[in-house]
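J.: Could you work out the structure for the sequence below:
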Amino acid sequence: ESTKALLSQANNENTTLMTEKEEMAVELATLMAEREADDTADQLESAKSLVSQLTNEKTTLVTEKEELAAQLAALISEKEADNTAEQLESTKVLLSQLTNENATLVTEKEEMTAQLQTLIAEREAD
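T.: As a prediction, this is how the structure comes out:
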(Lines give C-alpha, C1' and ligand atoms only; values in the text may rest on other atoms or scores of the structure.)
Protein backbone atom coordinates (compact mmCIF):
# COMPACT_ATOMS: atom_id res chain seq x y z
CA GLU A 1 0.00 0.00 0.00
CA SER A 2 2.77 2.37 0.88
CA THR A 3 4.52 1.61 -2.42
CA LYS A 4 1.32 2.45 -4.27
CA ALA A 5 1.07 5.68 -2.34
CA LEU A 6 4.68 6.54 -3.11
CA LEU A 7 4.20 5.60 -6.74
CA SER A 8 1.04 7.68 -6.91
CA GLN A 9 2.77 10.58 -5.22
CA ALA A 10 5.76 10.30 -7.60
CA ASN A 11 3.36 10.14 -10.54
CA ASN A 12 1.53 13.25 -9.30
CA GLU A 13 4.83 15.08 -8.82
CA ASN A 14 5.94 13.99 -12.29
CA THR A 15 2.68 15.27 -13.78
CA THR A 16 3.08 18.55 -11.88
CA LEU A 17 6.66 18.88 -13.08
CA MET A 18 5.61 18.12 -16.68
CA THR A 19 2.90 20.77 -16.44
CA GLU A 20 5.33 23.28 -14.97
CA LYS A 21 7.85 22.37 -17.70
CA GLU A 22 5.23 22.97 -20.41
CA GLU A 23 4.22 26.26 -18.81
CA MET A 24 7.87 27.32 -18.65
CA ALA A 25 8.38 26.30 -22.27
CA VAL A 26 5.38 28.46 -23.29
CA GLU A 27 6.71 31.37 -21.20
CA LEU A 28 10.19 30.95 -22.71
CA ALA A 29 8.75 30.88 -26.23
CA THR A 30 6.73 34.01 -25.43
CA LEU A 31 9.81 35.80 -24.06
CA MET A 32 11.89 34.78 -27.09
CA ALA A 33 9.17 36.04 -29.45
CA GLU A 34 9.00 39.34 -27.54
CA ARG A 35 12.79 39.65 -27.70
CA GLU A 36 12.79 38.96 -31.45
CA ALA A 37 10.06 41.58 -31.87
CA ASP A 38 12.13 44.05 -29.83
CA ASP A 39 15.23 43.22 -31.89
CA THR A 40 13.23 43.66 -35.11
CA ALA A 41 11.88 46.99 -33.89
CA ASP A 42 15.40 48.09 -32.94
CA GLN A 43 16.72 46.99 -36.33
CA LEU A 44 13.88 48.82 -38.08
CA GLU A 45 14.58 51.99 -36.08
CA SER A 46 18.29 51.66 -36.85
CA ALA A 47 17.53 51.16 -40.55
CA LYS A 48 15.25 54.23 -40.55
CA SER A 49 18.00 56.27 -38.89
CA LEU A 50 20.53 55.07 -41.45
CA VAL A 51 18.19 55.89 -44.35
CA SER A 52 17.63 59.36 -42.89
CA GLN A 53 21.37 59.90 -42.50
CA LEU A 54 22.06 58.73 -46.06
CA THR A 55 19.28 60.96 -47.39
CA ASN A 56 20.80 63.95 -45.59
CA GLU A 57 24.25 63.11 -46.94
CA LYS A 58 22.85 62.78 -50.47
CA THR A 59 21.12 66.15 -50.14
CA THR A 60 24.39 67.69 -48.94
CA LEU A 61 26.30 66.15 -51.85
CA VAL A 62 23.72 67.38 -54.37
CA THR A 63 23.96 70.89 -52.89
CA GLU A 64 27.77 70.77 -53.00
CA LYS A 65 27.62 69.56 -56.61
CA GLU A 66 25.34 72.46 -57.55
CA GLU A 67 27.65 74.92 -55.80
CA LEU A 68 30.68 73.49 -57.60
CA ALA A 69 28.84 73.66 -60.92
CA ALA A 70 28.05 77.34 -60.27
CA GLN A 71 31.71 78.01 -59.37
CA LEU A 72 32.84 76.21 -62.52
CA ALA A 73 30.45 78.27 -64.65
CA ALA A 74 31.77 81.46 -63.03
CA LEU A 75 35.37 80.41 -63.69
CA ILE A 76 34.55 79.61 -67.32
CA SER A 77 32.92 83.03 -67.71
CA GLU A 78 35.94 84.74 -66.14
CA LYS A 79 38.29 82.77 -68.41
CA GLU A 80 36.25 83.73 -71.47
CA ALA A 81 36.27 87.36 -70.33
CA ASP A 82 40.05 87.17 -69.78
CA ASN A 83 40.49 85.63 -73.23
CA THR A 84 38.32 88.35 -74.77
CA ALA A 85 40.32 91.06 -72.98
CA GLU A 86 43.60 89.48 -74.11
CA GLN A 87 42.32 89.22 -77.68
CA LEU A 88 41.20 92.86 -77.58
CA GLU A 89 44.61 93.96 -76.27
CA SER A 90 46.35 91.83 -78.89
CA THR A 91 44.13 93.32 -81.60
CA LYS A 92 44.94 96.85 -80.38
CA VAL A 93 48.68 96.11 -80.54
CA LEU A 94 48.34 94.65 -84.03
CA LEU A 95 46.25 97.62 -85.17
CA SER A 96 48.86 100.00 -83.78
CA GLN A 97 51.61 98.11 -85.64
CA LEU A 98 49.62 98.17 -88.87
CA THR A 99 48.89 101.90 -88.45
CA ASN A 100 52.62 102.59 -87.95
CA GLU A 101 53.55 100.45 -90.96
CA ASN A 102 50.87 102.21 -93.00
CA ALA A 103 52.22 105.63 -91.98
CA THR A 104 55.75 104.52 -92.90
CA LEU A 105 54.52 103.27 -96.29
CA VAL A 106 52.67 106.56 -96.93
CA THR A 107 55.84 108.50 -96.07
CA GLU A 108 57.94 106.27 -98.34
CA LYS A 109 55.37 106.66 -101.14
CA GLU A 110 55.44 110.46 -100.76
CA GLU A 111 59.25 110.45 -100.86
CA MET A 112 59.27 108.24 -103.97
CA THR A 113 56.60 110.41 -105.60
CA ALA A 114 58.71 113.49 -104.88
CA GLN A 115 61.84 111.81 -106.30
CA LEU A 116 59.86 110.70 -109.36
CA GLN A 117 58.54 114.24 -109.91
CA THR A 118 62.07 115.57 -109.54
CA LEU A 119 63.33 113.10 -112.13
CA ILE A 120 60.47 113.96 -114.49
CA ALA A 121 61.14 117.67 -114.06
CA GLU A 122 64.89 117.15 -114.72
CA ARG A 123 64.14 115.18 -117.91
CA GLU A 124 61.78 117.79 -119.18
CA ALA A 125 64.40 120.45 -118.49
CA ASP A 126 66.96 118.56 -120.57
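J.: For the rest of this, base every contact and every neighbour count on C-alpha atoms.
T.: OK.
J.: Now do Lys58 against Val51, distance only.
T.: 10 Å (Cα to Cα, to the nearest Å).
J.: Point to the residue nearest the middle of this protein.
T.: What sits nearest the mean C-alpha location of the chain, by Cα atoms, centre = their mean, is Lys65, with 3.9 Å.
J.: Check which helix or strand it maps to.
T.: Element membership for Lys65 (DSSP states H and E) is helix 2-125.
J.: What is the burial count for Gln117?
T.: By other Cα atoms under 10 Å, 12 other residues sit near Gln117.
J.: what separates it from Val106, distance-wise?
T.: Note on Gln117: its distance to Val106, by Cα to Cα, is 16 Å.
J.: for Ala70, same thing?
T.: Here Ala70 is placed at a distance of 53 Å from Val106 (Cα to Cα).
J.: before we move on, what about Ser77?
T.: Applying Cα to Cα to Ser77 and Val106 gives a distance of 42 Å.
J.: Could you do Glu20 as well?
T.: Distance of Glu20 to Val106, computed by Cα to Cα: 126 Å.
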